[in-house]
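Participant: prediction below, plus the sequence it came from.
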Amino acid sequence: MPAPRKLRYGMVGGGQNAFIGAVHRLAANLDGQIELVAGAFSADANNSRKTGEQLFLNPQRAYASYAEMAVREAALPADERIDFVSIVTPNFLHAPVATTFLKAGFHIVCDKPMTLTLAEAKALRNTVRKTGKVFALTHNYTGYPMVKEARDLVRTGKLGKILKVVAEYPQGWLLDKIEGAGQKQAAWRLDPRRAGASSCVGDIGTHAENLGRYITGLEIESLCAEFTAFIPGRKLEDDANLLLRYRGGAKGVLHCSQISCGEENNLNIRVYGTLGSLAWQQEHPNELKFIPKGEPARILRRGNGYVSDAAKKFTRLPFGHPEAFIEAFANIYLEAIAAIRANLAGKRVAGDFPTVDDGVMGMAFIETAVKSAASNAKWTKFPKL
């Protein structure tokens, strides 16, 4: 049996001045199990080279394109080539990059949303199944310990039958028209060619939907959506309001916004059942509010002995020492690399991380919301997946 070692990974995207690439690198490095050895960090070859220099990579492995990277990495000896690739590009590149590396024999960690369209998502799912490779999607909010605790409360029946889910994700960063003033993140997220058919729902609404589905296990049957572009000249929405009907009879309300003045990153969720309710807020992630029917509210805090084993597994620090955004990303990576290690050993492990199936569901959510927002009928059924 080969000696245990760090897994080697490459990154596509995440060059100079990119936000999410740096987040992924910090998270991947947190537990000392992964090493960045290669990358095609930008469509600009010079940017990619300079990023490689800043990250102290071998200059021969800072590639000018992801296609070149896939070919050259696959040609390296098994004890040198990457084990997986982390994809942190704008949305329109997710599917072609992932497909290229899957076919070249590599596992995938991909930022969300998974693809540009539902058709691309289904095709990518087929490729994942054919290759047998691990595919992890970084819906990072599922990595928080108290989100794990919320799911455990639902799974163990503490809330009874779920009746209603309210998920909100307000931000205010696009209240001004910064996309025309050199703000790179705003420019591509509001460009249909690079972001897809939706900005607000595709970017942050998918997190709210995924969080509700992860905690409750409920799947949407149909929805009614209203999209608004409040800032003149925008081709994609900067605000969205949705009503949800879940399979089994539960109802939901989901709103997401990028023009809510004063809001920073206020993702939050409330779940109401016949025996109790819960509430979690991303800006205060170490606490979970739980109210059993007829009893006072309880504030459950990460790191304490009373939380579930699921929450304990993903806790690094003692109580009173806050854990947050980077650690949640790192939890996704930990579970993904455990599955990759098992795959490399010829085994299969079902880790606690979002998969290609979650990616397909996310794209179905986006496309159904877009269809509903453009329709006079409004209530729009989810497609068969």
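Facilitator: On my side now, so go ahead. Residues are numbered from 1 along each chain as shown.
Participant: tell me who's in contact with residue 97.
Facilitator: By CB atoms under 8 Å, 6 or more residues apart in numbering, the contact list for residue 97 reads 12, 66, 85, 87, 89. Yep, even glycine has a C-beta here, placed from its N, CA and C like the rest.
Participant: may I see the ChimeraX selection of the buried members of these?
Facilitator: Per 16 or more other CB atoms under 10 Å, the buried members of the contacts of residue 97 correspond to this ChimeraX selection:
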select :12,66,85,87,89
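Participant: between the contacts of residue 97, which sits nearest residue 34?
Facilitator: Residue 34 lies nearest to residue 85 out of those, by CB to CB, at 11.9 Å.
Participant: my guess is the closest one is in a strand, correct?
Facilitator: Yes: counting by DSSP: H, G, I helix; E, B strand; the rest coil, residue 85 is part of a strand.
Participant: beta partners of it?
Facilitator: Judged by DSSP bridges, the bridge partners of residue 85 are residue 10, residue 108.
Participant: where do the helices of the stretch 101-250 of the chain begin and end?
Facilitator: Along the stretch 101-250 of the chain, counting by DSSP state H, counting those that start in this stretch, helices occupy 118-131, 145-155, 184-189, 192-195, 200, 206-216.
Participant: which one, of those helices, ends up nearest to residue 254?
Facilitator: Nearest of the helices of the stretch 101-250 of the chain (CB to CB): helix 206-216, 5.3 Å.
Participant: now do the closest one against helix 145-155, angle only.
Facilitator: 50 degrees (axes from the mean of the first three to the mean of the last three CA atoms, to 10 degrees).
Participant: same for helix 206-216, what does it pack against?
Facilitator: Helices and strands touching helix 206-216, by 3 or more CB pairs under 8 Å, 6 or more residues apart in numbering; DSSP states H and E, are helix 145-155, strand 162-170, strand 251-257, strand 268-273, helix 356-373.
Participant: name the surrounding residues that touch the shortest one.
Facilitator: What it means is strand 268-273. 150, 154, 159-169, 208, 211-212, 215-216, 277-283.
Participant: give me the sheet partners of that strand and which way each runs.
Facilitator: Paired strands of strand 268-273, with direction, are strand 162-170 (antiparallel), strand 276-281 (antiparallel) (DSSP bridges).
Participant: give me the pLDDT for residue 385.
Facilitator: For residue 385, the model assigns a pLDDT of 86.
Participant: give me the number of residues near residue 383?
Facilitator: Residues near residue 383, counting by other CB atoms under 10 Å, number 12.
Participant: follow-up on the earlier one: just tell me which of the strands paired with strand 268-273 ends up closest to residue 363.
Facilitator: strand 162-170 (17.7 Å).
Participant: need the helices and strands packed on helix 206-216 in TSV with mean neighbour count, distance to residue 109 and mean pLDDT, can you?
Facilitator: Shown next, in TSV, are the helices and strands packed on helix 206-216 (neighbours: other CB atoms under 10 Å; distance: least, CB to CB, whole Å; pLDDT from 0 to 100):
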stretch	mean neighbour count	distance to residue 109	mean pLDDT
helix 145-155	22	19	98
strand 162-170	21	23	98
strand 251-257	21	24	98
strand 268-273	20	24	98
helix 356-373	23	12	97
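Participant: who wins for proximity to residue 104 among these?
Facilitator: The nearest among the helices and strands packed on helix 206-216, by CB to CB, is helix 356-373 at 17.1 Å.
Participant: next, the angle from the top helix by length along the chain to helix 145-155.
Facilitator: Taking DSSP state H as the criterion, the chain has its longest helix at helix 325-344. Per the same axes, to 10 degrees, the angle that helix 325-344 makes with helix 145-155 is 70 degrees.
Participant: was I right to think residue 118 contacts residue 362?
Facilitator: No: using CB atoms under 8 Å, residue 118 makes no contact with residue 362, being 9.4 Å away.
Participant: I'd like the helices of the stretch 101-250 of the chain written out as TSV, with distance to residue 287 added.
Facilitator: Listed next are those as TSV, based on distance: least, CB to CB, whole Å:
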stretch	distance to residue 287
helix 118-131	34
helix 145-155	7
helix 184-189	29
helix 192-195	33
helix 200	27
helix 206-216	15
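Participant: and residue 37, which of those helices is closest to it?
Facilitator: helix 118-131 (21.6 Å).
Participant: could you give the mean pLDDT of that closest one?
Facilitator: On average, helix 118-131 scores 98.
Participant: going forward, count from 9.
Facilitator: Shifting the count to begin at 9 puts that one at helix 126-139.
Participant: residues touching the residue nearest the centre of the chain, list them.
Facilitator: In the chain, the centroid-proximal residue (CA atoms, centre = their mean) is residue 147; its distance is 2.0 Å. Residue 147 is in contact with 120, 214-215, 218-219, 222, 340, 362, 366, 370, counting by CB under 8 Å, 6+ apart.
Participant: about what we covered before: dump the helices and strands packed on helix 214-224 into CSV; add distance to residue 87 as well.
Facilitator: Listed next are the helices and strands packed on helix 214-224 as CSV, based on distance: least, CB to CB, whole Å:
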stretch, distance to residue 87
helix 153-163, 35
strand 170-178, 43
strand 259-265, 45
strand 276-281, 45
helix 364-381, 28
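Participant: for the strands paired with strand 276-281, give me CSV that also has distance to residue 357.
Facilitator: Converted to CSV, those look like this (distance: least, CB to CB, whole Å):
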stretch, distance to residue 357
strand 170-178, 29
strand 284-289, 27
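Participant: between these, which gets nearest to residue 55?
Facilitator: strand 170-178 (30.6 Å).
Participant: which residues sit against that closest one?
Facilitator: Identification of contacts with strand 170-178 by CB under 8 Å, 6+ apart yields 162, 212-213, 215-217, 219-220, 224, 226, 252, 254, 258-265, 268, 271, 274-282.
Participant: kind regards, and thank you for your time.
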